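Undergrad: Dropping a prediction and its sequence here:
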Amino acid sequence: MANRRLAVGLDIGSSSVKLARLKETKRGFSLLSYASAPLPPEAIVDGALMNSAAIVSAIQDLCAANKIKAREAAIGVSGHSVIIKKITLPRMTQEELDESIQWEAEQYIPFDVKDVNIDTQILGEKGEGTGQMDVLLVAAKKDMINDYVSVVTEAGLQPVVVDVDAFAVQNMFEANYEQVAGETIVLINAGASVVNINVVTNGASTFTRDITVGGNQFTEEIQKQLNVSYDEAEALKVGGQRAGEADAVVPQEVERVMLGVAEQMAGEIQRSLDFYSATAADSHFSKVYLSGGAARVPALFKVIEQRVGVPVEILNPFKSIEVDNRKFDPQHILEIAPAAAVAVGLALRSPGDK
């Protein structure tokens, strides 16, 4: 298994592009490179690429600065154009499923089947003797995938894997954390404009949902309510005040705005989890793991913990990955870790993976 060729993990988010490169070793994985480049506001809106040129040049800059020679990349998608559902079908082989899924999928997805790429994974039998099985159905709009593929190709890379952000985070989690048998955990990846929720039981995803709220809302509200610039709002969001800037802003004011947005986001997350609990036989969560750029906002962490009522831990995608302290500043790696979750999950993929 060792020394598989791994793809370059490329997380094209709405506020930045993040690149991760790992190497498989006898002991596990080691980090070769990790970097991110900011994107101008509105470069990506609701998952749609509005400013392809900015995205292409961000990818090229990252590859050049990190001397990336490898050309094969794994990318992730999420949001409105991706539908993930657990469905129950009569028992059949993966081959039979591949043949019949086009017909089966029509009743589960709100798009025309001709407009989507469909993938399935058999999760297991529904129960002894039922003759049925649970299947994870993923459908992503072709035009959105084509847009992402074309910016990556234009930047000089070859997309060999297209994953879903929520599953990339799950991949990363499995590579770094031990999961207790029988346990149900929740992986929440809070990005700039989308929050991916993934409920995982016994190592299998049982419920996923993307909600279109995110870290940008903190920035927008600070900007609007405290009358400061976008850059100042960004600095205030992560708790930094730049010298000479935003001196007139009282920290309590910032906290009040942040708490309001965090309450809204946590409310959305709780509604999704309540929906899952209403349909699941065993709906007790033992822990929530939080990742994504917005995980750095202390208010969000606290409010989710209060709302969901179980411990919340900030995910560290480098927890079990060897990181050379001569090459990477340990303090910096710790700070950026939550935002690296999707990129690291993608960087664990190989060309030709199913």
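TA: Good, I have the coordinates. Numbering: from 1, shown residues only.

Undergrad: ok, residue 216 touching residue 193?
TA: Yes: using Cβ atoms under 8 Å, residue 216 is in contact with residue 193, at 5.4 Å. (Glycine included, C-beta is placed from N, CA and C.)

Undergrad: what sits in contact with each of the two?
TA: By Cβ atoms under 8 Å, 6 or more residues apart in numbering, residue 216 and residue 193 have these common neighbours: 14, 15.

Undergrad: who's in contact with residue 229?
TA: Contacts of residue 229 (Cβ under 8 Å, 6+ apart): residue 223.

Undergrad: right, I mislabeled it, should have said residue 284
TA: residue 184.

Undergrad: same thing with the one 5 residues further on?
TA: For residue 289, the residues meeting the contact criterion (Cβ under 8 Å, 6+ apart) are 173, 177, 185, 186, 187, 188, 312, 313, 314, 315.

Undergrad: separation between it and residue 202?
TA: Distance, residue 289 to residue 202, by Cβ to Cβ, to the nearest Å: 16 Å.

Undergrad: what do you get for residue 80?
TA: Per Cβ to Cβ, residue 80 is found 29 Å from residue 202.

Undergrad: Over to residue 285?
TA: Taken as Cβ to Cβ, the span from residue 285 to residue 202 is 13 Å.

Undergrad: the more surrounded of these two?
TA: A count of neighbours by other Cβ atoms under 10 Å puts residue 285 above the other of residue 285 and residue 202, at 19 against 12.

Undergrad: part of a strand, is residue 64?
TA: No: Residue 64: not assigned to a strand; according to DSSP: H, G, I helix; E, B strand; the rest coil it is helix.

Undergrad: where's residue 182 relative to residue 200, distance?
TA: Distance from residue 182 to residue 200, counting by Cβ to Cβ: 12 Å.

Undergrad: Hmm, residue 142 is touching residue 112, no?
TA: No: using Cβ under 8 Å, residue 142 and residue 112 do not qualify as a contacting pair, with a distance of 10.2 Å.

Undergrad: Show me which of these two is the more surrounded one.
TA: Each of residue 142 and residue 112 has its neighbours counted (other Cβ under 10 Å); residue 142 has more, 15 against 9.

Undergrad: How confident is the prediction for the more buried one, by pLDDT?
TA: Taken from the predicted model, the pLDDT recorded for residue 142 is 95.

Undergrad: show me the contacts for it.
TA: By Cβ under 8 Å, 6+ apart, residue 142 lies in contact with 115, 116, 117.

Undergrad: Can you list which of those are found in strands?
TA: Of the contacts of residue 142, the ones assigned to strands by DSSP state E are 116, 117.

Undergrad: Of the contacts of residue 142, which is the nearest to residue 151?
TA: Taking Cβ to Cβ as the measure, residue 151 lies nearest residue 117 of the contacts of residue 142, at 17.3 Å.
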